[in-house]
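Peer 1: I'd like to go over a predicted model; first the sequence, then the structure.
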Amino acid sequence: MADMENTPLIDPNILNKPKDVVAPADSSAIAKMPSKSSTAPDKGGYVWGTGRRKTSVARVRIKAGGGELKINDRKLDAYFTQPQDRKSVLAPLKALNVLSSFDVFINQKGGGTTGQAGAAMLGIARALLRYEPAWIAVLRDGDYLTRDSRMVERKKPGRSGARRRFQFSKR
């Protein structure tokens with residue numbers, strides 16, 4: 001210990017700290033602190049969920065209602081023309097049997113139709129989970145809460161795409 005006091009790499013104030021250092025915070029005091037419930041709706045009565053897939057982002061608001069579903073102020077059938085996209089957007093609601101119990105409003109940005117449908121599905125599932133945490137088992141089993149992290153690979157310098165090379169010329 002004596003040789004440590006002479007080394008320039010160690011701050012001498014650390015070595016000579018008092019024995020009556022403040023004890024760690026009382027865990028019971030932390031437990032008594034009020035926490036904001038994540039399931040509480042906002043001022044308008046909406047519960048929010050955000051979904052992402054590829055380059056698209058879906059901000060989802062759900063509210064108890066009659067089953068209205070709008071994406072960027074358009075009906076589902078007008079926004080998604082492919083049946084598999086419509087099916088994937090409605091999948092979390094059908095899995096819980098609450099298709100006609102909620103009004104769903106989605107703001108979509110970026111990406112193509114498949115990415116937007118995947119983002120909307122994840123956003124709806126997250127909003128439903130915040131609305132009722134007991135539904136986590138059904139949403140997990142249906143794989144609706146898993147974020148698909150696959151993204152487009154970036155273009156590399158000196159190539160015509162991410163992996164595509166220019167045509168090789170022997171002569």
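Peer 2: Yep, it's here.

Peer 1: Could you grab the helix/strand/coil label for Val138?
Peer 2: helix (DSSP: H, G, I helix; E, B strand; the rest coil).

Peer 1: Against Arg147, how distant is it?
Peer 2: Going from Val138 to Arg147 by Cβ to Cβ, to the nearest Å gives 18 Å. C-betas here are computed from N, CA, C, even on glycine.

Peer 1: Of all the residues in the lengthiest helix in the chain, which ones are buried?
Peer 2: What stands out as the longest helix in the chain, according to DSSP state H, is helix 113-131. By 16 or more other Cβ atoms under 10 Å, the buried positions in helix 113-131 come out as 114-131.

Peer 1: Surely Gly118 is in contact with Phe80?
Peer 2: No. At 11.4 Å, Gly118 and Phe80 do not qualify as touching, with contact defined as Cβ atoms under 8 Å.

Peer 1: OK, contacts around the closest residue in space to Lys70 that isn't next to it in sequence?
Peer 2: Nearest residue to Lys70, sequence neighbours excluded (Cβ to Cβ, 6 or more residues apart in numbering): Phe105, at 5.4 Å. Residues near Phe105 by Cβ atoms under 8 Å, 6 or more residues apart in numbering: 46, 60-63, 69-70.

Peer 1: tell me which of these is nearest to Lys170?
Peer 2: Using Cβ to Cβ, Val60 comes nearest to Lys170 of the contacts of Phe105, at 55.3 Å.

Peer 1: Tell me the secondary structure of that closest one, please.
Peer 2: Secondary structure assignment for Val60 (three-state DSSP): strand.

Peer 1: can I assume it is in contact with Thr50?
Peer 2: Yes. Taking Cβ under 8 Å as the definition, Val60 is a contact partner of Thr50 at 7.1 Å.

Peer 1: Overlap in contacts, those two.
Peer 2: With Cβ under 8 Å, 6+ apart as the test, Val60 and Thr50 both reach 123, 126.

Peer 1: Of the two, give the one with the bigger neighbour count.
Peer 2: Val60 (27 against 13; other Cβ atoms under 10 Å).

Peer 1: quick one: stretch 63-76 to chain centroid distance?
Peer 2: Here stretch 63-76 is found 21 Å from its chain centre; the criterion is Cα atoms, centre = their mean, to the nearest Å.

Peer 1: From one end of that stretch to the other, what's the distance?
Peer 2: 17 Å (Cα to Cα, to the nearest Å).

Peer 1: Could you do stretch 88-108 as well?
Peer 2: 15 Å.

Peer 1: what's the next secondary structure element after the lowest-mean-pLDDT helix or strand in the chain?
Peer 2: When the helices and strands of the chain are scored by mean pLDDT, DSSP states H and E, helix 27-31 comes last with a mean of 49. Next along the chain after helix 27-31, taking DSSP states H and E as the criterion, comes strand 47-53.
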